[in-house]
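A.B. asks: coordinates only, sequence not included:
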C-alpha cells in the first residue's frame, strides 16, 4: 500500500471473478503498472483482501448464485478492508444493480465486456484518490515531534490487531514505557532540550524493534507504547529488557534524576490472548498497572 503522495510503487489490484477471460484481460491491461491478485469466489476474495490488503478490488457483481453486494458490505465493516476502493463489474447492463452496489460501498461500476481504456482510466483515477487519502491519513497518524505514530494510530492499530488475534488465536503483548523524572529533566535542561530528548528516545526505541510487525507509538507526553502482535510474555519480556537497556546505554545526562545520573525508563508489560469476551482496554489497563508498579518500586526497571 502506498503512503507517498505520488504513485511510485506498483499498486496491487485484486480481481474477484470466476471468468478466466476477464482475469486475463485485467492482467494484460495492468501488466506493466500493477501487481494482480486473483480469486475465483467471494470467500477466497475476502481472505485475500484481508491478508494482502490490496490497493483496489475489481469485484464481479455476481459469481454463480452469490451476490457481490454482500461482499461489499462485509468489506466495509472490517477495519482492515474498509478503506480499499471497490469497482464492481457487471455482466448484464439490463439486470445490474448499480445503485445497490454504490450504496453497499463500491466507488465505481463498470459493464462487461470490459473496455481496456475505460477500465484503465477508472482504476487509475481511484488509485490516485486512494493514494492521496493514504497520504493524508499518514500525516494525521504521525506525531509531529518524534515522527513516529501517534495515539490515534495506536488506538486504531490495537483494535485491528485485537480483532485479527481473536480470529487467528494468538496472543498480543503491550509495553508501556515512561521516561523517568522527565518533568525534572525539562526543568533542568529546558523544554527545547526536552524535545530533543524525546526524539532521541523515540528513534532509539524504533531502532531496537527488530520485527516489522512490532509497532512503536508515542502514547502521550513522555510515554510510549509498543504493540507486539503474536508475542508471548517471555518473548515480550526479552524485547522490554532490550529497550530498557538501550535507553540506559545512551547515557543521556540527567543530573536531577532521583535514580541515577543519566536518563532511564520504566516499563510495564502485559500479555493477553484476545477472544470474544476480552477488549483491548484490558490489555492497556494491565500494562499501565505494571508500569505503575515499576515506578513505585523505584523506577528504571521492567515489570510484567
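C.D. replies: Perfect, I can see it now. All values derive from a computational prediction rather than experimental measurement. Numbers count the residues shown, from 1 in each chain.
A.B. asks: from here on, just use CA atoms for contacts and neighbour counts.
C.D. replies: OK.
A.B. asks: pull the longest helix from this protein.
C.D. replies: In the chain, assigned by DSSP state H, the helix with the most residues is helix 116-140.
A.B. asks: so what touches the next helix or strand after that one?
C.D. replies: Once helix 116-140 ends, the next helix or strand along the chain (criterion: DSSP states H and E) is helix 151-168. Residues from elsewhere that reach helix 151-168, judged by Cα atoms under 8 Å, 6 or more residues apart in numbering: 79-80, 141-142, 171-172, 217-220, 225, 227, 229-230, 273-276, 279-280.
A.B. asks: after the one helix or strand residue 15 maps to, next one along is what?
C.D. replies: If you go by DSSP H and E, residue 15 is part of strand 12-16. Downstream of strand 12-16, the next assigned helix or strand under DSSP H and E is helix 20-29.
A.B. asks: pull the distance from that next one to the chain's centre.
C.D. replies: Its chain's C-alpha centre lies 31 Å from the corresponding centre of helix 20-29 when counted by Cα atoms, centre = their mean, to the nearest Å.
A.B. asks: what's the mean pLDDT across the longest helix of the chain?
C.D. replies: For helix 116-140, mean pLDDT rounds to 92.
A.B. asks: ok now that helix, how far from the chain's centre?
C.D. replies: The answer for helix 116-140 is 19 Å, by Cα atoms, centre = their mean.
A.B. asks: hang on, the earlier thing: filter the contacts of helix 151-168 down to just the buried residues.
C.D. replies: Burial by neighbour count, judged by 16 or more other Cα atoms under 10 Å, picks out 80, 141-142, 171-172, 217-219, 225, 227, 229-230, 273-275, 280 from those.
A.B. asks: restricted to helices, list the residues you listed.
C.D. replies: residue 280.
A.B. asks: hmm, which two among the buried ones among the contacts of helix 151-168 are most spread apart?
C.D. replies: 142 and 275 (29.3 Å; Cα to Cα).
A.B. asks: follow-up on the earlier one: in the strand holding residue 15, what's buried?
C.D. replies: For strand 12-16, burial by neighbour count (16+ other Cα under 10 Å) applies to 12-16.
A.B. asks: tabulate these (CSV), appending pLDDT and distance to residue 269.
C.D. replies: Formatted as CSV, these follow (pLDDT from 0 to 100; distance: Cα to Cα, whole Å):
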residue, pLDDT, distance to residue 269
12, 96, 37
13, 97, 39
14, 97, 39
15, 97, 42
16, 96, 42
